[in-house]
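Student: with the sequence up front, the predicted model follows.
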Amino acid sequence: MKKAVIVTFDNFTDIDNFLAWDLLNRVKHRQPGFEVKFVGAAASHRSSNGIDLAMHAGLEECRTADLVFFTSGRGVRAVIKDENWLAQFNLDPSRQIICSMCSGALALAALGLLNNVPATTYPSAMEALKGYGVEVLEDKHLVTQGNIGTAAGCLAAVDLMGWAVAKLYDEQTKQDVIASVLPIGQGQVCLY
């Protein structure tokens, strides 16, 4: 059984969180036993648009996850300044797939996961990411190296989750998941 976690905090970006959630949950239709959880430092977190989201577990769940996804949003700038929040993580890119959407890359940088690893992020976070000494590839929507992946622009989550699913399972599972969300006429498949 494999497990993915979506690291969530207050003022997260709704589409980045929920698009990843939906895509990862589609994996279950091809890979029984796959588990997806929202994790955070509190029992619930509120999105930038006011949705209160109950967490399935605390941040300690990240330590045993096969895939750790950091969502984005205005709230990331607060949590990366919180030493207690950062101390909750003990991630290992040699055994875990670790990725981020847009400003979530700031969390990866704050955790030291982007040392000597190029990355991308949303334009409004590029200077902050460069401040960590990260080589920011400004013209790329998806940047991967080893088990680390970063994406920029909300709909880039489709490519990021596809990359992560292929690393977790295989190319066919990735293709099936991505095809299930394509517009009609573009190769869609039904997973339900």
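Tutor: On my side now, so go ahead.

Student: per-residue confidence at the spatially most central residue of the chain?
Tutor: The residue lying closest to the centre of the chain (Cα atoms, centre = their mean) is residue 69, at 2.7 Å. You'll see residue 69 listed with a pLDDT of 98.

Student: begin at 56 from here
Tutor: Done: numbering now begins at 56, and the last item shifts to residue 124.

Student: A helix includes it, no?
Tutor: No: under the criterion used here (DSSP: H, G, I helix; E, B strand; the rest coil), residue 124 is strand, not part of a helix.

Student: which residues does stretch 87-94 contact?
Tutor: With contact meaning Cβ atoms under 8 Å, 6 or more residues apart in numbering, stretch 87-94 is reached by 56-63, 72, 76, 79-80, 82-83, 108-114, 116-117. The way it works is simple: take the backbone N, C-alpha and C, and place the C-beta from them, glycine included.

Student: tell me which residues in it are buried?
Tutor: Neighbour counts over stretch 87-94 (16 or more other Cβ atoms under 10 Å) mark 89-94 as buried.

Student: narrow the residues you listed to those in strands?
Tutor: 90-94 (DSSP state E).

Student: before we move on, back to that, which among the buried residues of stretch 87-94 gets closest to residue 224?
Tutor: Using Cβ to Cβ, residue 89 comes nearest to residue 224 of the buried residues of stretch 87-94, at 8.3 Å.

Student: quick one: the closest one and residue 148, what's the gap?
Tutor: Applying Cβ to Cβ, to the nearest Å, the value for residue 89 to residue 148 is 20 Å.

Student: quick one on the thing from earlier: OK, contacts around the residue nearest to the centre of the chain?
Tutor: So residue 124 contacts 59-62, 75, 79, 154-156, 159, 219 (Cβ under 8 Å, 6+ apart).

Student: most surrounded residue in these?
Tutor: In terms of neighbours by other Cβ atoms under 10 Å, these top out with residue 156 at 32 neighbours.

Student: if it is in a bridge, with which residues?
Tutor: residue 206 (DSSP bridges).

Student: so what's it up against?
Tutor: Shown in contact with residue 156 (Cβ under 8 Å, 6+ apart): 68, 71, 75, 124-127, 206, 209, 211-212, 215.
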